[in-house]
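Student: Here you go, sequence then predicted model.
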Amino acid sequence: GFATGNFVDGGMKISPPHMLETKRNGGLHMRRMAGLWAALLLVLALTPVQAGAVELPIQAEAALLMEKETGQVLYAQNEHEALEPASVTKVMTLLLTMEAIDAGQLHYDDVVTASAHACSMGGSQIWLKENEQMTVSDMLKAVCVVSANDCAVALAEQIAGSEDAFVERMNQRAKELGMNDTTFKNATGLPAQGHVTSAYDIALMSRELILHHPDIRQYTTIWMDSLRDGASELVNTNKLIRFFDGATGLKTGSTDSALYCLSGTAERDGMELIAVIMKAPTSTQRFEDATNLLNYGFSTYSLENVVPESALPPVPVSLGTQATVQPVLGENTHLLLEKAKAGSLQQLVTLADSVEAPVAAGSQLGTLTITSGEEVVAELPILAGEEIPRVGLPLRLTAAGALHPLKSRRIATAFPCVPFRSMV
């Protein structure tokens, strides 16, 4: 195994667009490198972790540790090896279900009627009977807590009309997420020729689920519950929920050929980690491996949210419909740092002295540089918070529009970063 500083988004650290100074009409002007800003917007955070190799006592065939907010990989072992995921497959089933709910195509209180096909799944199940009716919410609970194959297929059929049509959507969504090691053959993870994924791909879909659909926690954090007015008792197959402080989910899986798999998630101090285990030799070992990964992540790294203590001053605009433009820090301000560096962060703001209209909303006006001691750990773009048309030129611009700062200034005040606190 090894620790790494790679990103999900973009694959590597992307610095802010460099500004090139050029002479034009006797004055200094700055122009951005084409395309770099668009690329920068895809990066969720500039997290400059430079982790060295680390050995952890992982017994599983493949494993990976990822931080949710930034998508940064903190540990990886055979992370692209194509393996059977068993019921961890259902992370994708849950993702598509939550996306349908968020889109208004499905509702928690909708009633689903179990088909003969759904009831025939076998394996982990709640023994649905054909034509039995149950709400989407109760079926989600059954999938998340006891990995119910019958409910997973019933939800798939409710969303797409048939399991086969749903599997097509699963594979399409996997492609969109960059899950290049993955091919789904069913909605459950029951053994099927060619049904494979990787630890990395499981982390990708797990991150998409917990980052954009936090409501899933109402089900994945249940330890014990019941269905059918108490007639069916449920105990979570994910032992982390009971025994690991801060556990938030997510999904277990096991078959004779896949052995023991897990996508385990936990949050402490506002930082949520995803620990993926594939092909562990025993059920106990998969939880031990996940615990080792999570303990390593929480003990070594800290998630910080960069917030300037003082308001950024307006930047004067020449030839514009208003005299100034308000700079704002970009939305993606999370930094994942080694704890040794997180306690001594300072900020340096560099802003354009003035700009010439037209100014596009989202155009770069400067840079917020984050340092730890003498080391620059990140550079975050400072953006125009609004569009300023040129006088006599009322055209709407995109972020790729022209921006002509005359010269830049530096604000030497250093502000501390504050620890990120998530809202649950």
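Tutor: Great, that's in hand. Keep in mind it's a predicted model, so treat the numbers as computed, not measured. Residues are numbered from 1 along each chain as shown.

Student: Residue 277 in helix, strand or coil?
Tutor: Three-state call for residue 277 (DSSP: H, G, I helix; E, B strand; the rest coil): strand.

Student: Read off the pLDDT value for it.
Tutor: Looking at residue 277, its pLDDT stands at 98.

Student: which residues does it bridge with?
Tutor: residue 63, residue 262 (DSSP bridges).

Student: what about the strands in the stretch 201-350 of the chain?
Tutor: Assignment of strands within the stretch 201-350 of the chain using DSSP state E, counting those that start in this stretch yields the ranges 224-227, 232-235, 247-255, 259-268, 271-280, 301-305, 315-318, 324-325, 327-329, 334-338, 345-356.

Student: Can you tell me the strand partners of the first one and which way each runs?
Tutor: Strands that pair with strand 224-227, judged by DSSP bridges, come out as strand 232-235 (antiparallel).

Student: Just the CA atoms of the partner strand, as PDB, please.
Tutor: Coordinates of each C-alpha in strand 232-235 appear next as PDB, following Å, rounded to 0.1, in the frame of the first residue of the first chain:
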ATOM      1  CA  SER A 232     -39.200  -7.800  10.800                       C
ATOM      2  CA  GLU A 233     -36.100  -6.900  12.900                       C
ATOM      3  CA  LEU A 234     -33.200  -5.300  11.200                       C
ATOM      4  CA  VAL A 235     -29.600  -5.300  12.400                       C
END
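
Student: Show me what counts as buried in that strand.
Tutor: By neighbour count on 16 or more other CB atoms under 10 Å, the buried set for strand 232-235 is residue 234. C-beta here means a position set from N, CA and C on the backbone, and glycine is covered the same way.

Student: Stretch 182-196 too?
Tutor: Under 16+ other CB under 10 Å, the buried positions of stretch 182-196 are 182, 184-190, 195-196.

Student: what's the offset of it from the middle of its chain?
Tutor: Between the centre of stretch 182-196 and the centre of its chain there are 24 Å (CA atoms, centre = their mean, to the nearest Å).

Student: for stretch 133-147, same thing?
Tutor: 24 Å.

Student: Buried residues in it, which are they?
Tutor: 134, 136, 138-147.

Student: what about it, average pLDDT?
Tutor: The model assigns stretch 133-147 a mean pLDDT of 98.

Student: let's number from 7 now, not from 1
Tutor: Sounds good: first residue 7 from here, last item stretch 139-153.

Student: Can you dump the C-alpha atoms of it in CSV for me?
Tutor: C-alpha atoms of stretch 139-153 as CSV (Å, rounded to 0.1, in the frame of the first residue of the first chain):
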residue,chain,number,x,y,z
GLN,A,139,-46.4,-3.1,-1.0
MET,A,140,-43.8,-1.1,0.9
THR,A,141,-42.8,2.6,0.8
VAL,A,142,-39.6,3.8,-0.9
SER,A,143,-38.4,4.9,2.5
ASP,A,144,-38.8,1.4,4.0
MET,A,145,-37.1,-0.2,1.0
LEU,A,146,-34.2,2.2,1.3
LYS,A,147,-33.9,1.2,5.0
ALA,A,148,-33.9,-2.5,4.1
VAL,A,149,-31.2,-2.0,1.4
CYS,A,150,-28.9,0.1,3.7
VAL,A,151,-29.3,-1.8,6.9
VAL,A,152,-29.6,-5.5,5.8
SER,A,153,-28.5,-5.3,2.2
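
Student: Wait, residue 345 touches residue 304, no?
Tutor: No: the pair residue 345 and residue 304 does not pass the contact test of CB atoms under 8 Å, sitting 9.6 Å apart.

Student: In terms of neighbours, single out the busier of those two.
Tutor: Neighbours were counted for residue 345 and for residue 304 using other CB atoms under 10 Å; residue 304 has more, 18 against 11.

Student: ok, that one - contacts?
Tutor: The contact partners of residue 304, by CB atoms under 8 Å, 6 or more residues apart in numbering, come to 252, 272, 274-275, 277, 279.

Student: how does it look with 6 Å?
Tutor: With contacts defined as CB atoms under 6 Å, 6 or more residues apart in numbering, residue 304 is in contact with residue 274.

Student: With residue 247 instead?
Tutor: Per CB under 6 Å, 6+ apart, neighbours of residue 247: 229, 253.

Student: Identify, by residue count, the longest helix of the chain.
Tutor: Ranked by residue count under DSSP state H, the longest helix found in the chain is helix 289-306.

Student: Quick one: mean pLDDT over it.
Tutor: pLDDT averaged over helix 289-306 gives 98.

Student: starting at the chain centroid, how far to that helix?
Tutor: The answer for helix 289-306 is 20 Å, by CA atoms, centre = their mean.

Student: CA atoms of it as CSV?
Tutor: The C-alpha trace of helix 289-306 is given here as CSV (Å, rounded to 0.1, in the frame of the first residue of the first chain):
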residue,chain,number,x,y,z
SER,A,289,-15.7,-10.4,7.8
THR,A,290,-13.8,-9.4,10.9
GLN,A,291,-10.7,-8.6,8.8
ARG,A,292,-12.6,-6.2,6.5
PHE,A,293,-13.7,-4.1,9.5
GLU,A,294,-10.2,-4.2,11.0
ASP,A,295,-8.7,-3.1,7.7
ALA,A,296,-11.3,-0.3,7.4
THR,A,297,-10.7,0.8,11.0
ASN,A,298,-6.9,1.0,10.3
LEU,A,299,-7.5,3.1,7.3
LEU,A,300,-9.9,5.5,9.0
ASN,A,301,-7.7,5.8,12.1
TYR,A,302,-4.7,6.6,9.9
GLY,A,303,-6.7,9.3,8.0
PHE,A,304,-8.1,11.0,11.1
SER,A,305,-4.8,10.9,13.0
THR,A,306,-2.8,12.3,10.1
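
Student: What are the buried residues along it?
Tutor: Result for helix 289-306 [16+ other CB under 10 Å]: buried residues 291-300, 302-304, 306.

Student: Reformat those residues into JSON lines and put distance to residue 124 next to each item.
Tutor: JSON lines is the format used below for the buried residues of helix 289-306 (distance: CB to CB, whole Å):
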{"residue": "291", "distance to residue 124": "32"}
{"residue": "292", "distance to residue 124": "28"}
{"residue": "293", "distance to residue 124": "30"}
{"residue": "294", "distance to residue 124": "34"}
{"residue": "295", "distance to residue 124": "33"}
{"residue": "296", "distance to residue 124": "30"}
{"residue": "297", "distance to residue 124": "34"}
{"residue": "298", "distance to residue 124": "37"}
{"residue": "299", "distance to residue 124": "34"}
{"residue": "300", "distance to residue 124": "34"}
{"residue": "302", "distance to residue 124": "40"}
{"residue": "303", "distance to residue 124": "37"}
{"residue": "304", "distance to residue 124": "39"}
{"residue": "306", "distance to residue 124": "44"}
